[in-house]
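Asker: only the shape, not the letters, is given here:
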(Lines give C-alpha, C1' and ligand atoms only; values in the text may rest on other atoms or scores of the structure.)
Protein backbone atom coordinates (compact mmCIF):
# COMPACT_ATOMS: atom_id res chain seq x y z
CA UNK A 1 0.00 0.00 0.00
CA UNK A 2 1.04 3.61 -0.47
CA UNK A 3 3.02 4.94 2.48
CA UNK A 4 4.83 8.17 3.21
CA UNK A 5 6.93 8.39 6.36
CA UNK A 6 8.53 11.62 7.54
CA UNK A 7 11.59 11.82 9.77
CA UNK A 8 14.21 14.31 10.85
CA UNK A 9 12.17 16.66 12.99
CA UNK A 10 13.26 17.87 16.39
CA UNK A 11 14.13 20.83 18.58
CA UNK A 12 16.53 23.40 17.14
CA UNK A 13 17.61 26.88 18.14
CA UNK A 14 16.75 29.91 15.98
CA UNK A 15 19.19 30.15 13.11
CA UNK A 16 19.79 26.42 13.11
CA UNK A 17 19.15 23.78 10.47
CA UNK A 18 17.25 20.55 10.06
CA UNK A 19 16.85 18.12 7.20
CA UNK A 20 13.52 16.38 6.87
CA UNK A 21 13.15 13.14 4.94
CA UNK A 22 10.08 11.63 3.36
CA UNK A 23 10.40 7.90 2.64
CA UNK A 24 7.96 6.64 0.04
CA UNK A 25 6.82 3.09 -0.59
CA UNK A 26 4.07 1.22 -2.41
CA UNK A 27 4.21 3.28 -5.61
CA UNK A 28 6.64 4.57 -8.22
CA UNK A 29 7.93 7.82 -6.80
CA UNK A 30 9.24 9.03 -10.17
CA UNK A 31 5.69 9.42 -11.48
CA UNK A 32 4.56 11.88 -8.80
CA UNK A 33 5.16 15.31 -7.44
CA UNK A 34 5.73 15.46 -3.69
CA UNK A 35 4.89 18.38 -1.46
CA UNK A 36 5.76 19.45 2.05
CA UNK A 37 3.14 21.10 4.23
CA UNK A 38 3.14 22.31 7.80
CA UNK A 39 0.53 22.97 10.42
CA UNK A 40 1.01 24.98 13.57
CA UNK A 41 -1.43 24.79 16.50
CA UNK A 42 -4.59 26.73 15.74
CA UNK A 43 -3.58 27.39 12.14
CA UNK A 44 -4.52 25.92 8.81
CA UNK A 45 -2.24 23.53 6.98
CA UNK A 46 -0.03 25.52 4.61
CA UNK A 47 2.06 24.53 1.65
CA UNK A 48 5.79 24.87 2.21
CA UNK A 49 7.34 23.42 -0.94
CA UNK A 50 6.76 21.04 -3.82
CA UNK A 51 8.98 19.19 -6.28
CA UNK A 52 7.55 17.88 -9.54
CA UNK A 53 8.31 14.66 -11.37
CA UNK A 54 10.90 16.46 -13.49
CA UNK A 55 12.47 18.32 -10.60
CA UNK A 56 10.83 21.73 -10.84
CA UNK A 57 10.55 23.28 -7.40
CA UNK A 58 8.13 25.66 -5.71
CA UNK A 59 8.33 27.42 -2.36
CA UNK A 60 6.13 29.48 -0.11
CA UNK A 61 7.32 33.07 0.10
CA UNK A 62 7.95 32.63 3.82
CA UNK A 63 10.65 29.98 3.22
CA UNK A 64 12.24 31.07 -0.08
CA UNK A 65 15.98 31.32 0.23
CA UNK A 66 16.01 29.27 3.45
CA UNK A 67 14.49 25.90 2.51
CA UNK A 68 15.52 23.57 -0.30
CA UNK A 69 13.52 20.61 -1.56
CA UNK A 70 15.13 17.71 -3.40
CA UNK A 71 14.36 14.17 -4.41
CA UNK A 72 16.21 10.90 -4.95
CA UNK A 73 13.95 8.54 -6.86
CA UNK A 74 16.43 5.68 -6.56
CA UNK A 75 16.21 5.96 -2.77
CA UNK A 76 12.45 6.56 -2.91
CA UNK A 77 12.93 9.71 -0.86
CA UNK A 78 12.23 13.42 -0.86
CA UNK A 79 14.08 15.84 1.38
CA UNK A 80 13.52 19.29 2.82
CA UNK A 81 16.67 21.08 3.92
CA UNK A 82 15.70 23.86 6.31
CA UNK A 83 18.26 26.54 7.17
CA UNK A 84 18.09 29.78 9.15
CA UNK A 85 15.13 28.44 11.07
CA UNK A 86 12.84 30.87 12.87
CA UNK A 87 10.40 30.34 15.75
CA UNK A 88 7.55 30.85 13.28
CA UNK A 89 8.69 27.72 11.43
CA UNK A 90 7.53 25.65 14.41
CA UNK A 91 4.89 23.20 13.22
CA UNK A 92 4.18 19.60 12.34
CA UNK A 93 5.59 18.98 8.88
CA UNK A 94 3.92 16.58 6.48
CA UNK A 95 4.88 15.20 3.09
CA UNK A 96 2.20 14.27 0.59
CA UNK A 97 1.82 12.78 -2.87
CA UNK A 98 0.40 14.89 -5.69
CA UNK A 99 -0.84 13.01 -8.78
CA UNK A 100 -1.79 16.13 -10.76
CA UNK A 101 -3.14 19.63 -10.33
CA UNK A 102 -2.71 23.30 -11.02
CA UNK A 103 -1.92 24.72 -7.61
CA UNK A 104 0.85 23.00 -5.70
CA UNK A 105 -0.03 24.60 -2.35
CA UNK A 106 -3.62 23.36 -2.33
CA UNK A 107 -3.95 20.36 0.05
CA UNK A 108 -6.90 18.97 -1.91
CA UNK A 109 -4.57 18.16 -4.82
CA UNK A 110 -2.69 15.61 -2.70
CA UNK A 111 -4.00 12.08 -2.26
CA UNK A 112 -1.72 10.43 0.34
CA UNK A 113 -0.16 11.99 3.42
CA UNK A 114 2.43 10.98 5.97
CA UNK A 115 1.86 11.09 9.71
CA UNK A 116 3.98 14.20 10.22
CA UNK A 117 7.12 15.12 12.12
CA UNK A 118 7.36 17.86 14.74
CA UNK A 119 9.74 20.76 14.19
CA UNK A 120 10.24 23.12 17.13
CA UNK A 121 12.41 26.22 16.82
CA UNK A 122 13.11 27.69 20.21
CA UNK A 123 15.94 28.95 22.37
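Answerer: Perfect, thanks for sending it. Treat the numbers as computed from the prediction; the structure is a model and nothing was measured.
Asker: going forward, measure contacts between C-alpha atoms and count neighbours the same way
Answerer: Fine.
Asker: and the residue nearest the centre of the chain, what element?
Answerer: Nearest residue to the geometric centre of the chain (C-alpha atoms, centre = their mean): residue 36, 2.2 Å. Per DSSP states H and E, residue 36 falls inside strand 33-39.
Asker: next SSE downstream of that strand?
Answerer: Following strand 33-39 toward the C-terminus (DSSP H and E): strand 46-51.
Asker: in the helix or strand following that next one, what's buried?
Answerer: As assigned by DSSP H and E, the chain's next helix or strand after strand 46-51 is strand 57-59. Residues 57, 58, 59 are the ones in strand 57-59 that count as buried (16 or more other C-alpha atoms under 10 Å).
Asker: tabulate the residues you listed (TSV), appending distance to residue 23 and pLDDT.
Answerer: Converted to TSV, those look like this (distance: C-alpha to C-alpha, whole Å; pLDDT from 0 to 100):
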residue	distance to residue 23	pLDDT
57	18	97
58	20	97
59	20	98
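Asker: reformat those residues as TSV; add distance to residue 49.
Answerer: TSV is the format used below for these (distance: C-alpha to C-alpha, whole Å):
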residue	distance to residue 49
57	7
58	5
59	4
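Asker: re the thing from before, got the contact list for the residue nearest to the centre of the chain?
Answerer: 47, 48, 49, 50, 80, 93, 94, 95, 96 (C-alpha atoms under 8 Å, 6 or more residues apart in numbering).
Asker: what's the closest of those to residue 16?
Answerer: residue 80 (14.0 Å; C-alpha to C-alpha).
Asker: the closest one: which element?
Answerer: Element membership of residue 80 [criterion: DSSP H and E] is strand 77-82.
Asker: pull out the buried residues from that strand.
Answerer: Result for strand 77-82 [16+ other C-alpha under 10 Å]: buried residues 77, 78, 79, 80, 82.
Asker: let's have the residues you listed in JSON lines, adding pLDDT and distance to residue 11.
Answerer: Formatted as JSON lines, these follow (pLDDT from 0 to 100; distance: C-alpha to C-alpha, whole Å):
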{"residue": "77", "pLDDT": "98", "distance to residue 11": "22"}
{"residue": "78", "pLDDT": "98", "distance to residue 11": "21"}
{"residue": "79", "pLDDT": "98", "distance to residue 11": "18"}
{"residue": "80", "pLDDT": "98", "distance to residue 11": "16"}
{"residue": "82", "pLDDT": "98", "distance to residue 11": "13"}
